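>>> Task: produce atomic coordinates for the following.
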Amino acid sequence: MLPRTPPALARNYRLVLVAILLVAAVLRIHGLNNTSPPGLEHDEVAHWIINRDILAGNHGIYFTDAYGHEAGFHYLQTGFMVLMGDNAFVLRLPSAYAGLLLVAVSFALARRLFGIGTALVAAGLMAVLLWPIFYSRLALRAISLPLVSGLSAYFWWRGWFSHQSERGYRLESGKKNLGSLVWFAIAGFLAGLALYTYMASRAIPIFYLLFALYLLVFHRRAFSQRRAGILLFFGLFALVATPLVVYLVSNNGVESRISEVDAPLRALLHGDLWPVLENSLKIMAMFGYQGDPLWRQNVAYLPVFDIAIAMFFMIGLAITLWRWRKVRTMFLLLWLFSSAIPSIMTIDAPSSIRMVNALPILGIFPVIGLEVIHLFTPLSTVFGRLSPVFRRNIAIVCLLLLFIMNAGRTWRAIFHTWPANDEVQFVWQQALTEAASYLDNSPEASGVAVGGWTPDTMDPPTMDLTLKREDLELRYFDPGRAVIVPAGGRIVHPTALPLHPSLAQALANRGVLPKPMGLFTLLETDDAFAGLSNDEPLATFGNEISLIDYEIKTENDDLELVVVWRVETQPGASRRIFLHLLDQSGSVVTQDDALGAPAVHWQADDIIIQHHTIKLPASPGQYWVRLGIYDPDSASRLSTSSGTDSVLLDSTTVQ
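The predicted structure is shown next:
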C-alpha cells in the first residue's frame with residue numbers, strides 16, 4: 001500500500017509541479033539550436049523534407065520517404081514551421097513541447113492511479129531522466145507516441161473510475177455513466193491517433209487487447225459494469241486506425257525498414273527462441289546495468305537509472321508482479337511489457353527509441369519500490385523515535401537530492417559526454433554546422449562550394465536549415481570525387497572528408513591551400529582559376545559545360561583521369577560524365593559513370609575538377625579514353641559544337 005499524501009503537499013502540489021515542469025523545460029529547450037545535438041542528423045533532415053512536401057500540397061496519412069513515416073507528427077512540425085520559421089530550432093521545438101507535455105501527462109496518469117505523492121515523484125523522474133529528454137531534443141516523431149498514448153491511458157482511467165466511488169466499486173448516477181462513455185470515447189480516439197505517430201505504436205493494440213482480456217477473466221464484474229464504455233473505446237480505436245491499416249495493407253512493402261531489423265522475430269517464427277530471450281535479458285539490464293548500445297539513440301550503454309533508482313525500480317517491478325491481481329498494477333505490467341515488444345523482436349536491443357512508449361508509466365515503478373523503506377522502520381530505534389513530520393522531511397530532502405543528482409547526471413550526459421563523441425559529431429554533421437556558422441559570421445558574399453558525403457540528397461537541405469543568411473549561392477560536391485571552384489569564392493568541406501589527393505594537388509598547383517578550421521577545412525580560391533575563363537576549350541557540350549584540361553596517368557592496374565571543366569551556363573536537367581576505355585576495335589572495355597558535383601547547383605564560370613579511376617584490362621595492347629556528358633534521366637548525350645557526343649582523349653598502353 002502506497003503511503004498517504006501529506007496534507008500540506010496535497011494542498012500545494014501545483015507549486016511543486018510547476019517547479020518540476022520548469023526544470024523539465026530547461027533540460028529540453030536549452031541549447032536546442034545545434035548545441036546539443038551539435039548539428040542535424042539525416043533523419044531530422046528527412047523530417048524537414050517531408051514537411052516541405054506537405055507545404056507543397058502533398059498530403060497523406062503515411063509518407064513513404066525515409067523508410068516510411070506516419071504523418072501525424074509531420075503536420076505538427078509543419079504548423080510550427082509556418083508560424084515560427086524554417087530552421088533547426090523550430091524543427092525541434094515540437095519535440096521539446098511534446099516532451100514537456102509528456103511530463104504533465106505522466107503526472108496526471110500517475111495521480112489518477114496512485115495519488116498526488118506518487119504522481120509528483122514520477123513526474124520529477126520524467127523531468128530529469130536522460131531517456132525522455134534525449135528524444136525531446138531531436139526533430140524526430142518518436143516522442144509524440146508516449147504523449148498521445150499516455151493521454152489515451154489517462155482518459156481510459158477517467159472512464160474507468162467514473163463508475164466507482166473513492167472507496168470501492170459502486171455504480172454512480174446515469175449522468176456520470178454518460179460521462180464515463182465520453183472519457184472512454186476520447187481514450188479510443190487518442191489510442192487510434194497514436195498509431196499515426198511512430199512505428200512502435202503497433203504495440204498499442206496488443207496492450208489494450210491483453211488488458212481487456214485480463215479484465216474479462218479476472219475482473220468480470222468491473223468489466224461488465226463498464227462494458228458499454230470499453231466497447232465504445234475499441235470501436236473508436238478501430239475507426240480512427242482503419243485508414244492507416246488499409247493503406248499499409250494495400251501498399252505492402254512500404255515499411256521496408258521492418259524487414260531490415262526483424263531478425264529475432266523471424267528466428268522466433270522458425271522456432272529459435274534464443275534471440276528473443278537474449279533481447280529480453282538485455283532489456284531488463286538496461287534499467288540499471290547496461291543501456292542502449294547506440295550513440296545515435298543515447299549515451300551508449302548508459303543505464304536508464306542510476307544505481308539507487310534502479311534498485312527501487314526493480315523492487316517496484318517485483319511488487320507489481322506480486323500484486324498482479326490488482327487492476328492498476330497489472331495495467332503497469334502489461335504497458336511495460338507491450339512497450340518492450342518492438343525491441344524484443346528486433347536487432348540492437350535494448351533500443352530506447354523502439355521502447356519509447358514505456359515513458360508515460362516509467363517513473364511509477366521506482367515510487368512503488370519506495371514502499372520497501374517502511375519495512376525497515378521498526379528495525380531502527382532511533383528512526384522510530386523521530387516524529388512523523390521529521391521523518392517525512394528527511395524523505396523529502398532525500399528525494400530532492402536524488403532528483404538533483406539525476407538532473408546533474410543528465411546535464412553532464414546531454415551537454416558534455418554525448419555531443420563530444422566522435423560518432424555523434426559525424427552523424428549529426430557538426431562539421432557542416434561549424435562551416436555554416438563561419439559563413440554566417442563572415443562578411444564576404446561570394447559563392448561557396450560545400451563538400452559533404454551526400455551532395456545529391458542531404459547536404460543541400462542540411463545547409464538550408466543551418467545557414468541563416470540567404471545571400472550566398474551554394475554549390476555541393478563529393479570531395480572524394482570532385483571539387484567545385486566558385487569564381488573568387490570559397491570551398492568548405494569536413495576535415496574528416498578530405499579532398500582526393502589528385503584534386504588537392506590540382507588546387508595546390510594554383511596556390512589554393514587548405515586552412516583547417518576545426519571540424520571543417522576552408523580553401524579560399526580568390527582568382528586562382530580566373531585565367532581559365534578565357535581559355536579556348538577542348539570541347540563544349542550542349543553549350544553548358546566546356547572541357548578545359550585533363551591529365552591521364554596510370555598507377556598499378558588503374559587508369560586515373562583528372563578533368564577540368566568550365567560551366568558556361570546552368571543546365572536545365574541532371575548531368576553525368578561517362579568515361580569509356582576503348583580497345584583498338586572501338587569496343588568499350590571498361591567504363592566509369594559519375595559526377596561528384598550535382599549539376600543542379602552549377603553556376604556560370606564555376607570550375608569543376610573531377611577525378612575518375614577505372615581498372616585497366618589484363619590484356620596487353622593500346623587503349624583510348626573517351627569522354628562525354630549525358631542526362632541520366634533520359635540517357636541522352638550532350639553534343640559538342642562539332643556534332644559529336646563525345647571526345648577522344650589520349651591513348652594508353654597496357655604492357
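>>> only C-alpha atoms for contact and neighbour calcs from this point on.
Noted.
>>> so Val450, which of the three states?
Classification of Val450 by DSSP: H, G, I helix; E, B strand; the rest coil places it in strand.
>>> what is it paired to in the beta sheet?
Legend: beta-bridge partners of Val450 under DSSP bridges are Tyr476, Val492.
>>> give me the number of residues near it?
By the criterion of other C-alpha atoms under 10 Å, Val450 has 26 neighbours.
>>> ok, now Gln297?
Look at Gln297: counted by other C-alpha under 10 Å, it has 15 neighbours.
>>> any idea how far Gly192 is from it?
As judged by C-alpha to C-alpha, to the nearest Å, Gln297 and Gly192 stand 26 Å apart.
>>> Could you do Arg220 as well?
Arg220 is 25 Å from Gly192, by C-alpha to C-alpha.
>>> Run through the strands of the stretch 501-650 of the chain in chain order.
Applying DSSP state E, counting those that start in this stretch to the stretch 501-650 of the chain gives strands spanning 515-516, 520-524, 539-541, 545-555, 558-567, 576-582, 588-594, 607-615, 621-630, 647-654.
>>> Can you lay out those as TSV showing mean neighbour count?
Below are the strands of the stretch 501-650 of the chain laid out as TSV (neighbours: other C-alpha atoms under 10 Å):
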stretch	mean neighbour count
strand 515-516	14
strand 520-524	21
strand 539-541	23
strand 545-555	17
strand 558-567	20
strand 576-582	21
strand 588-594	16
strand 607-615	22
strand 621-630	20
strand 647-654	14
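>>> who wins for proximity to Ile414 among the ones you listed?
Nearest of the strands of the stretch 501-650 of the chain to Ile414, taken as C-alpha to C-alpha: strand 520-524 at 23.2 Å.
>>> for Leu277, helix, strand, or coil?
Leu277 - assigned by three-state DSSP - is helix.
>>> tell me the pLDDT at the residue lying closest to Trp602 once chain neighbours are set aside?
Using C-alpha to C-alpha, 6 or more residues apart in numbering and skipping residues adjacent in sequence, the residue nearest Trp602 is Gln570, 5.7 Å away. pLDDT for Gln570: 90.
>>> same thing with the one 3 residues further on?
Ala573 carries a pLDDT value of 88.
>>> now Gly174
Value for Gly174, per-residue pLDDT: 49.
>>> ditto for the one 10 residues further on
According to the prediction, Phe184 has pLDDT 97.
>>> so what's it up against?
Contact analysis of Phe184 by C-alpha atoms under 8 Å, 6 or more residues apart in numbering lists Phe155, Trp156, Arg158, Gly159, Trp160, Gly229, Ile230, Leu232, Phe233.
>>> just Tyr630 next, same as before
Tyr630 is in contact with Arg575, Arg576, Ile577, Phe578, Ser636, Arg637, Leu638, counting by C-alpha under 8 Å, 6+ apart.
>>> Got phi/psi on the residue nearest to Trp602?
phi -70, psi 130 (degrees, to the nearest 10).
>>> State the number of residues packed around it.
Neighbours of Gln570 under the rule other C-alpha under 10 Å: 17.
>>> and the gap between it and Tyr476?
14 Å.
>>> Same check on Leu317?
Taken as C-alpha to C-alpha, the span from Leu317 to Tyr476 is 53 Å.
>>> Which of the two has more residues huddled nearby?
Shown here are Leu317 and Tyr476; by other C-alpha under 10 Å, Tyr476 has more neighbours (30 against 21).
>>> so what's Leu27 closest to, chain neighbours aside?
Spatially, and ignoring its direct neighbours in sequence, Leu27 is nearest to Ile133 (6.9 Å; C-alpha to C-alpha, 6+ apart).
>>> coming back round to it: compile the contacts of Tyr630 into CSV and extend it with columns for distance to Ala604.
Shown next, in CSV, are the contacts of Tyr630 (distance: C-alpha to C-alpha, whole Å):
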residue, distance to Ala604
Arg575, 15
Arg576, 17
Ile577, 18
Phe578, 22
Ser636, 22
Arg637, 21
Leu638, 17
